[in-house]
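**Student:** Got a predicted structure here, sequence first:
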Amino acid sequence: MSSRSRLRRRPSSESLQPEAGRPLAAVQASPGQVVGGDSLREEVDVAIVAESTYPFLKGGVSTVIHDIVTGNQDLTFGIIHITWDSKSAHEDLYGMPWNVKWVHPVYLSMQEHLDDFVHVKPGPSTLRSSARRRLSIRLFDALEAVASGDVEPMWRLYDEGMNPRTRNYFLWSLLGTREFMTVASSRLESLGLPLVEMFWLLREFFSLSFAILSEDVPKARVYHAHTTGYAALLGAVGARQNGRKFVLTEHNLYVRDTVNMLLDRSMALALSERDWREFDVGAPARMWMAWWIEMGRFCYPSAELITYLYPAAITEAVDLGAPPERSVIIPNGMRISDFDDAHQKRRTVIEEIEKGGDRTWRLVYIARIVPIKGLSDLISSIDLLVKKGVTNFTLDILGPTDHHPDYYMLCREKARTLGIEDYLSFRGTVNVRELLGNYDLLVLPSYNEGQPIVVLEAMTAGIPVLGTNVGGMAQLISDPLTTPGGRTCGPCGILVNPDYIVGMADALEAMMNSSASYRKYADEARARVVNFFQIDDVMGSYNRLYKELGEIPGNELEGPADRVTDVIDLTDTSRNERAAQRHITQQTRLR
């Protein structure tokens, strides 16, 4: 892959079944309901905006979006699906419910809008040279204003030269003018880029922004973007065009993760809004860092509300320019009854474990086989166990193997070279929920997580978790959680630092050696979900949020509170302080 392609970063796929299926025109949400076409004229209550997820790709974010749609049957939805090009997957993998009225794809690749972009002429190109120079200066001034925390100059330029509803000219035609390149060379002089390289890099930025900012966004009463980046930018644009409000959900910190991937940094490291200026990187990487970080700084204050899955995420997002006063916590949730059979099976197994005797423990890794998920580290931990004589276990590896084929082959070869391949079984993509009750421990050695759905699924089945202390894992696994009635839920597993191979091996051995601890972890796993992560509570919060921000009549799912912010827990300052302190300590150690 070229450095330019790597820096550009296509929307990441969460797909468990990534190949394309039926063409978009054939996708149907219910009998007779063709997605797209004339139905795009219909205003919906909520437009969900996301990159390479629902309904064409499977994964954690797609699962959350499907839960939101099916859990709010009194609202209508549209899906704005951002993907790379028209060759991307377009098969409905979920069977969209009746309340999804349309799916609207938006393509980022210049090849999908080459004619429109290349032939943009009316506007600055017809102005006098002095006017083109002044407009170029305004554009760079607006970009610098975003970097200083003021988004209004850029929004004014958007309305004048980009918004298809209001524009008087095409701002993108500046790119081909001598005046723009003269101003760009002056303003970006410190980067030391040759003029030709600067032109092609700026052309790529212009092309990507054209794909989003020139879009005539379908109408909705609320725009809900799932992640910053292009989804948040398009959500903000939709709200601007239609005089509505925009809410942003951070499943993880997109900007941080994208920049860490760009620089090949540890995915467990934090990022701040200053880093694109201060890091020792080359000019192209610095410009891409600025692209992602400042896009986030433009989108964060443009959102009416920003929801996070766990408290520590707010601390990191503030470092990237997010306003803490607009931040609330809405976690992921589970439907308890979906796991009753698996839970009952686990209760029977726990009784057998407590009787003692020889037992082969069934461990499971459930994730994509990619470097960020840490499978290679887990294989090293398994090797340490075997060398210590701990051999009464097997490890099933569930998840797609085609997202990073080289890494998959590396893991297989590593297991073979270490002589432990008989302990491992690579099973590929499976129906996780059908198999979950067969396993004793979920092991997740990731370098980066938000609030993993698979961890909540295991907890709901009563399965303890061994993982790494990243993202929202501590909130799920180890932080004390106290109910309004005063009952405090203890830990439901063990967390170690990422890349701590010895620590993971020790934790596995400790878990398998103590039936009493195992029983307590299993009980607390289910209890934490029952008390704090139920899907009905989560959907109630989203329902109130949509109705409040969209001024949508009806309070079918509302409780006694008048505002959504009254019912989302923002007052547990002790928990937030603990999360913030843990984040600071962890980042100091990692640096």
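**Tutor:** Noted; the coordinates are in hand.
**Student:** Per-residue pLDDT of Gly32, please?
**Tutor:** Note for Gly32: predicted pLDDT of 30.
**Student:** Next, give phi and psi for Leu442.
**Tutor:** Backbone geometry at Leu442, expressed as degrees, to the nearest 10, gives phi -90, psi 130.
**Student:** Name the nearest residue to it, ignoring sequence neighbours.
**Tutor:** Spatially, and ignoring its direct neighbours in sequence, Leu442 is nearest to Ala458 (4.1 Å; CB to CB, 6 or more residues apart in numbering). C-betas here are computed from N, CA, C, even on glycine.
**Student:** Quick check: which element contains that neighbour?
**Tutor:** Taking DSSP states H and E as the criterion, Ala458 maps to helix 453-460.
**Student:** and that helix, what does it pack onto?
**Tutor:** Applying 3 or more CB pairs under 8 Å, 6 or more residues apart in numbering; DSSP states H and E, one finds that helix 453-460 contacts helix 60-70, helix 432-435, strand 441-444, strand 465-468, helix 473-477, helix 515-532.
**Student:** from the chain's centre, how far out does the fifth one sit?
**Tutor:** What that stands for is helix 473-477. Distance of helix 473-477 from the chain centroid (CA atoms, centre = their mean, to the nearest Å) equals 17 Å.
**Student:** for the record, mean pLDDT for that helix?
**Tutor:** The average pLDDT for helix 473-477 rounds to 96.
**Student:** Tell me the helix or strand right after it.
**Tutor:** strand 481-482.
**Student:** So what are the sheet partners of that next one and their directions?
**Tutor:** Applying DSSP bridges to the sheet, strand 481-482 is found paired with strand 488-489 (antiparallel).
**Student:** picking up where we left off before, quick one: neighbours of the residue nearest to Leu442, just the number.
**Tutor:** Per other CB atoms under 10 Å, the neighbour tally for Ala458 reads 29.
**Student:** quick one on the thing from earlier: residues contacting the helix holding Ala458, please?
**Tutor:** By CB atoms under 8 Å, 6 or more residues apart in numbering, the list of residues contacting helix 453-460 from outside reads 60, 63-64, 332-334, 336, 338-339, 342-343, 366-367, 432-433, 436, 439, 442, 444, 449, 465, 467, 473, 476-477, 492, 525-526, 528-529, 533.
**Student:** Quick one: low-confidence residue ranges for the chain.
**Tutor:** 1-40, 118-126, 555-591 (pLDDT under 70).
**Student:** Domain parsing of it, as residue ranges.
**Tutor:** Listed domain ranges for the chain are 3-113+214-329, 115-206, 336-533 (source: automatic domain parsing).
**Student:** just the CA coordinates of whichever strand or helix holds His81, formatted as PDB?
**Tutor:** Taking DSSP H and E as the criterion, His81 maps to strand 77-83. Below are the C-alpha coordinates for strand 77-83, written out as PDB (Å, rounded to 0.1, in the frame of the first residue of the first chain):
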ATOM      1  CA  PHE A  77     -34.900   6.400  10.700                       C
ATOM      2  CA  GLY A  78     -32.700   7.000   7.700                       C
ATOM      3  CA  ILE A  79     -29.200   5.600   7.300                       C
ATOM      4  CA  ILE A  80     -26.400   7.700   5.700                       C
ATOM      5  CA  HIS A  81     -23.700   5.100   4.900                       C
ATOM      6  CA  ILE A  82     -20.300   6.500   4.200                       C
ATOM      7  CA  THR A  83     -18.000   4.200   2.300                       C
END
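**Student:** Would you tell me what the next helix or strand after it is?
**Tutor:** Taking DSSP H and E, what comes next after strand 77-83 is strand 100-107.
**Student:** could you check the angle helix 60-70 makes with that next one?
**Tutor:** Strand 100-107 runs at 150 degrees relative to helix 60-70, counting by axes from the mean of the first three to the mean of the last three CA atoms, to 10 degrees.
**Student:** Who are the packing partners of strand 100-107?
**Tutor:** Applying 3+ CB pairs under 8 Å, 6+ apart, we find strand 100-107 packed against strand 28-30, strand 77-83, helix 195-213.
**Student:** all helices for the stretch 201-350 of the chain, in order.
**Tutor:** Applying DSSP state H, counting those that start in this stretch to the stretch 201-350 of the chain gives helices spanning 230-242, 254-262, 275-278, 283-302, 311-319, 340-355.
**Student:** Tell me which of the ones you listed is the most buried.
**Tutor:** With neighbours defined as mean count of other CB atoms under 10 Å, the helices of the stretch 201-350 of the chain peak in mean count at helix 230-242, which reaches a mean of 25.
**Student:** what packs against that one?
**Tutor:** Under the contact criterion of 3+ CB pairs under 8 Å, 6+ apart, helix 230-242 touches strand 44-51, strand 77-83, helix 152-161, helix 195-213, strand 220-226, strand 245-250, helix 283-302.
**Student:** Pull the distance from it to the chain's centre.
**Tutor:** That offset, for helix 230-242, works out to 17 Å (CA atoms, centre = their mean).
**Student:** Looks like Pro284 contacts Leu201 (just checking).
**Tutor:** Yes: counting by CB atoms under 8 Å, Pro284 does reach Leu201; the two are 6.2 Å apart.
**Student:** and for the two, which residues touch both?
**Tutor:** Leu193.
**Student:** how near is the closest residue to Ser541 other than its chain neighbours to Val247?
**Tutor:** Nearest residue to Ser541, sequence neighbours excluded (CB to CB, 6+ apart): Ile330, at 5.0 Å. Applying CB to CB, to the nearest Å, the value for Ile330 to Val247 is 10 Å.
**Student:** Kindly report the same for Arg368.
**Tutor:** Arg368 sits 28 Å away from Val247, going by CB to CB.
**Student:** can you check Ala211 too?
**Tutor:** From Ala211 over to Val247 the distance is 22 Å, taken as CB to CB.
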